[in-house]
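Peer 1: Sequence first, then the predicted structure, then my questions.
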Amino acid sequence: MKKEYKTDIKNVAYDYKISDFLKQLDKGAFLTTQYAGENNVMTIGWAQIGIIWRKPVMTVLVRKSRHTKTLLDGSKEFTVSVPLNCDMQKELAHCGTVSGKDEDKISTQKLKILESEKINTPCLDMLGLHYECMVLYQTEIKLSELDEIVNDTWYQDGDTHTMYIAEIVNTRSIE
């Protein structure tokens, strides 16, 4: 049974608790996108936060085979919810192995959504950091230009990623 808590939401700088973000990323975070009335959530383990074009950005990678990619290509926006001080490992594992084509993971995992402030895609209502992001640029990973060791380790099946560089337009913390 999940512990109920009173939601204390505050707007924070994009780099607030960035070391906590990086530590949790190894265990996973949730990427949510919404397009044509459909919400979908998936687990990510690869992301970067930094500055490009004088904007705070988050870079994420989504495999071309993922249902999320279709929605993300349509909406050009996403949220990343990073669980902190709460146990979401079961949900992260499920959302990383089941396709949104096959089930509504938000519903089956009893995840609560929270309306975003600056974009249409909601974030997840849970303790942690929440980034609202708008895609600035995307590109397909080209296997012919990729380091051979990386290629052999991550792309033996040819299922490459699309890399999305997105402006972080809002960051909130729920503590």
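Peer 2: Perfect, I can see it now. Numbering: from 1, shown residues only.
Peer 1: Report the residue spans of the chain with pLDDT below the cut-off.
Peer 2: Low-confidence segments of the chain (pLDDT under 70): 1-7.
Peer 1: how about the residue sitting nearest the centre point of it, what does it touch?
Peer 2: In the chain, the residue lying closest to the centroid (Cα atoms, centre = their mean) is Leu31, at 2.2 Å. Shown in contact with Leu31 (Cβ atoms under 8 Å, 6 or more residues apart in numbering): 41-44, 60, 62, 68, 78-80. No exception for glycine: its C-beta is placed from N, CA and C like everyone else's.
Peer 1: Count the residues that sit near Lys90.
Peer 2: Residues lying near Lys90 (other Cβ atoms under 10 Å) number 9.
Peer 1: re earlier: which of the contacts of Leu31 are buried?
Peer 2: 41-44, 60, 62, 68, 78-80 (16 or more other Cβ atoms under 10 Å).
Peer 1: residues contacting Glu117?
Peer 2: 11, 132, 170, 172.
Peer 1: typo on my end, Leu127
Peer 2: 5, 83-86, 174-175.
Peer 1: Find the residue closest to Tyr155 in space, skipping its chain neighbours.
Peer 2: Residue nearest to Tyr155 in three dimensions, not counting chain neighbours: Leu143, with 5.8 Å by Cβ to Cβ, 6 or more residues apart in numbering.
Peer 1: where does that neighbour fall, phi/psi-wise?
Peer 2: phi -60, psi -30 (degrees, to the nearest 10).
Peer 1: which of the contacts of Glu117 tops the neighbour count?
Peer 2: Glu132 leads the contacts of Glu117 on contacts (other Cβ under 10 Å) with 24 neighbours.
Peer 1: Okay, and the beta partners of that one?
Peer 2: Thr79, Asn170 (DSSP bridges).
Peer 1: for His161, same thing?
Peer 2: Arg63.
Peer 1: quick one, helices of the chain?
Peer 2: Counting by DSSP state H, the segments of the chain that form helices are 18-25, 67-75, 89-95, 105-108, 148-154.
Peer 1: Just the C-alphas of the shortest one, formatted as CSV.
Peer 2: This points to helix 105-108. Coordinates of each C-alpha in helix 105-108 appear next as CSV, following Å, rounded to 0.1, in the frame of the first residue of the first chain:
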residue,chain,number,x,y,z
LYS,A,105,0.4,1.7,-17.8
ILE,A,106,-0.7,4.8,-15.9
SER,A,107,-3.9,3.0,-15.0
THR,A,108,-2.6,-0.5,-14.4
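Peer 1: contacting residues around it?
Peer 2: Contacts for helix 105-108 (Cβ under 8 Å, 6+ apart): 32, 39-42, 94-95, 98, 111, 113.
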